[in-house]
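Undergrad: coords please:
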Amino acid sequence: MRTRSGTTYDLQASGGVAALYLAAAYVAGIAYFLVGIDYPSVVDPLDKIALFARHLRGLQLTYLAIYVVFGFVLMVLAWALHGRLRDAAPTTMRLATSVALVWAGLLVAGGMVTNVAMETVVALHAADPSQAVTVWLATETITSGMTGGNGEVLGGLWTLLVSLAAWRGRSFPVPLIVVGMIAGAAGLVSALPGLAGLVAVFGLTQLVWFVGLGVVLLRRPRVAPLGLAG
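TA: Reported below is the predicted structural model:
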């Protein structure tokens, strides 16, 4: 029979694996878009559609990994953190977990819509390039808003709330809490007009935060030797 402590550790370990996946997804996404296909340099919509045509399957797999799967894995981490921190800050963690689930849902939806839209505009481009551009610009505007293109409000708020809960309960190492607070603040501030560049700060610091969470959550709690527990 599985003990309560064993079940609790399983949840924490699942959260640790989830956190490491999220960090790996960040690294993979950065490598693919910046190094693999140099996506930021492609500005003209027609050039973007041509890029989609050349790399359609690779792009779809990447969006699947860094948005769709990312969103579901984020839910696992959110519940693991909820279980870890709810006793120290129940109200804060209820709010944080609710925010995380909304963020995760939008990421999943945004990734799925983007994958469908890329295939649609590639097929449409041969018959009507201007209509393909119109479809893509409309889709890009919507999905960008869903996935944090205008500021990482949801991701920043969740990260900050979790870090505040961890601070209250002294549940994580202080450096990890500080990194989470910086990431959360950067995400929130990135939504202000003219400060969207802070999304990069949010992404990089949250990547470090995810790695730290993975290490902490995978660490098995120490058990007192028989006869010494009291």
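Undergrad: ok, longest helix in the protein?
TA: Identified as the longest helix of the chain according to DSSP state H is helix 90-125.
Undergrad: show me what that helix is packed against.
TA: Other helices and strands packing on helix 90-125, by 3 or more C-beta pairs under 8 Å, 6 or more residues apart in numbering; DSSP states H and E, are helix 45-63, helix 69-85, helix 129-146, helix 153-169. Where you see a C-beta, it was placed from the backbone N, CA and C, and this is true even at glycine.
Undergrad: same list, the ones you listed, but as TSV with distance to Gly212 and mean pLDDT please.
TA: Formatted as TSV, these follow (distance: least, C-beta to C-beta, whole Å; pLDDT from 0 to 100):
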stretch	distance to Gly212	mean pLDDT
helix 45-63	25	95
helix 69-85	12	97
helix 129-146	27	92
helix 153-169	11	96
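Undergrad: who wins for proximity to Ser14 among these?
TA: Nearest of the helices and strands packed on helix 90-125 to Ser14, taken as C-beta to C-beta: helix 69-85 at 5.6 Å.
Undergrad: rewinding a little: mean neighbour count, the helices and strands packed on helix 90-125: which tops it?
TA: A comparison of the helices and strands packed on helix 90-125 by mean neighbour count, using mean count of other C-beta atoms under 10 Å, puts helix 153-169 on top with a mean of 23.
Undergrad: in a markdown table: the helices and strands packed on helix 90-125, plus distance to Val216.
TA: Formatted as a markdown table, those follow (distance: least, C-beta to C-beta, whole Å):
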| stretch | distance to Val216 |
| --- | --- |
| helix 45-63 | 28 |
| helix 69-85 | 9 |
| helix 129-146 | 30 |
| helix 153-169 | 9 |
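Undergrad: count the residues that sit near Pro193.
TA: A count of nearby residues for Pro193, using other C-beta atoms under 10 Å, gives 7.
Undergrad: any idea of the angle the longest helix of the chain forms with helix 69-85?
TA: 180 degrees (axes from the mean of the first three to the mean of the last three C-alpha atoms, to 10 degrees).
Undergrad: in helix 90-125, what counts as buried?
TA: 92-93, 96-97, 99-101, 103-115, 117-119, 121-122, 124-125 (16 or more other C-beta atoms under 10 Å).
Undergrad: and the contacts of stretch 88-105?
TA: 71-72, 74-75, 77-79, 81-82, 85-86, 154-155, 157-158, 161-162, 164-166, 168-169, 171 (C-beta atoms under 8 Å, 6 or more residues apart in numbering).
Undergrad: swap in stretch 155-164?
TA: 78, 81, 85, 89, 92-93, 95-96, 99-100, 103, 148, 177-178, 180-181, 183-191, 202, 206, 209.
Undergrad: hmm, try it at 6 Å
TA: 81, 92, 96, 99-100, 103, 177, 180-181, 183-184, 187-188, 202 (C-beta atoms under 6 Å, 6 or more residues apart in numbering).
Undergrad: how about stretch 207-214?
TA: Gly16, Ala19, Leu20, Leu22, Ala23, Tyr26, Leu176, Val179, Gly180, Ala183.
Undergrad: check contacts around the second one.
TA: This means Ala19. Leu77, Phe210, Leu213, Gly214.
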